[in-house]
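Asker: Have a look at this fold, sequence not included:
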């Protein structure tokens, strides 16, 4: 059974949606910059599956961080992160 969060959420749904859009945009920009830095300019544009896998991995890490901050522990987070990293590896091999 999950423990109660130590934090109260006071944001509205509109604020949460806006924050989520901003964070996903940050993940997208980071994915493009990191991938192009590692593999050369334009590589991310030619490999959208890799960009998507990068964003999923970033989101999994972020979710794990929030879980730890809220005292929910690491149950399931290591497994989720492992799955995202595996998906990223598969996407890289398919390219």
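Answerer: Alright, I've got the coordinates. None of these values were measured; they are calculated from a predicted model.
Asker: Neighbours of residue 18, how many?
Answerer: A count of nearby residues for residue 18, using other CB atoms under 10 Å, gives 12. No exception for glycine: its C-beta is placed from N, CA and C like everyone else's.
Asker: Let the chain start at 43 from now.
Answerer: Sure thing, new numbering starts at 43, so read that last one as residue 60.
Asker: Residue 99: neighbouring residues, count only.
Answerer: Counted with other CB under 10 Å, residue 99 comes out at 20.
Asker: got it, and residue 89?
Answerer: 18.
Asker: Let's verify the spatially most central residue of the chain: helix, strand, or coil?
Answerer: Centroid-nearest residue in the chain: residue 101, 1.7 Å away (criterion: CA atoms, centre = their mean). Under DSSP: H, G, I helix; E, B strand; the rest coil, residue 101 falls in the helix class.
Asker: residue ranges of the helices in the protein, please?
Answerer: Using DSSP state H, the helices found in the chain span residues 55-81, 85-88, 90-111, 119-136.
Asker: Give me the angle between the helix or strand bottoming out on mean pLDDT in the chain and helix 90-111.
Answerer: Least confident helix or strand, the chain: helix 119-136 with a mean of 71, by mean pLDDT, DSSP states H and E. Interaxial angle, helix 119-136 versus helix 90-111 (axes from the mean of the first three to the mean of the last three CA atoms, to 10 degrees): 170 degrees.
Asker: and helix 119-136, what other elements does it pack with?
Answerer: helix 90-111 (3 or more CB pairs under 8 Å, 6 or more residues apart in numbering; DSSP states H and E).
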